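S.K.: the following block contains a protein sequence and its predicted model.
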Amino acid sequence: MIDVSTLPSVNATLNGVATVLLAAGYVAIRRKNVPLHRGCMISAFGVSVLFLISYVTYHTLRQMQEGVGHTRFGGAGVAAGVYYAVLISHVLLAAVVPGFAILLLRWAFRGDFIRHRRLARWAFPIWLYVSITGVLIYLMLYHWFASA
């Protein structure tokens, strides 16, 4: 049986790893190191898939075991405003990242680097933002403003 309480930290760790891989992949391509870029980006995609599996598992098990799939934010005032602004932007942008990532990989594997580069200019900062804010949301929800 999976201990549901460990999954949020697993998810944050996976988001953190994805952030590092995305940044390393960006640096690699700026230095024209295509093999390292390819490895970093494929790894970032794999880590993001693992995150998605873990995230869905967490919310499904939590719903089944506790009857609620979400965690209440314990902060108030400005902290709540910041939290919900980050959360809303994170969720909306996270919805497009899988499609972007699949297209980017598809075009790269097919050698269509013109389309790959054109989309990557938009997709990379969005994917990076989603990964970073995923960690921030975890910290705000479970550490900085944890509900009682």
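M.R.: Great, that's in hand.
S.K.: you'd agree residue 116 is up against residue 109?
M.R.: No - using CB atoms under 8 Å, residue 116 makes no contact with residue 109, being 9.4 Å away. Where you see a C-beta, it was placed from the backbone N, CA and C, and this is true even at glycine.
S.K.: quick one: the strands in the chain?
M.R.: Using DSSP state E, no strands are found in the chain.
S.K.: which secondary structure element of it has the lowest mean pLDDT?
M.R.: helix 34-66 (a mean of 95; mean pLDDT, DSSP states H and E).
S.K.: buried residues of that one, list them for me.
M.R.: The neighbour-count check on helix 34-66 (16 or more other CB atoms under 10 Å) flags 37-38, 40-41, 43-45, 47-48, 51, 54-55, 58-59, 61-62 as buried.
S.K.: now residue 16, nearest residue through space, not along the chain?
M.R.: Spatially, and ignoring its direct neighbours in sequence, residue 16 is nearest to residue 135 (5.2 Å; CB to CB, 6 or more residues apart in numbering).
S.K.: contacting residues around that neighbour?
M.R.: With contact taken as CB atoms under 8 Å, 6 or more residues apart in numbering, residue 135 is in contact with 12, 15, 16, 19.
S.K.: how about the contacts made by residue 50?
M.R.: Per CB under 8 Å, 6+ apart, neighbours of residue 50: residue 14.
S.K.: going forward can the numbers begin at 33, since that is how I track them
M.R.: In the new count, where the first residue is 33, that last one comes out as residue 82.
S.K.: how close does it get to residue 53?
M.R.: 12 Å (CB to CB, to the nearest Å).
S.K.: can you check residue 169 too?
M.R.: From residue 169 to residue 53 the distance is 19 Å (CB to CB).
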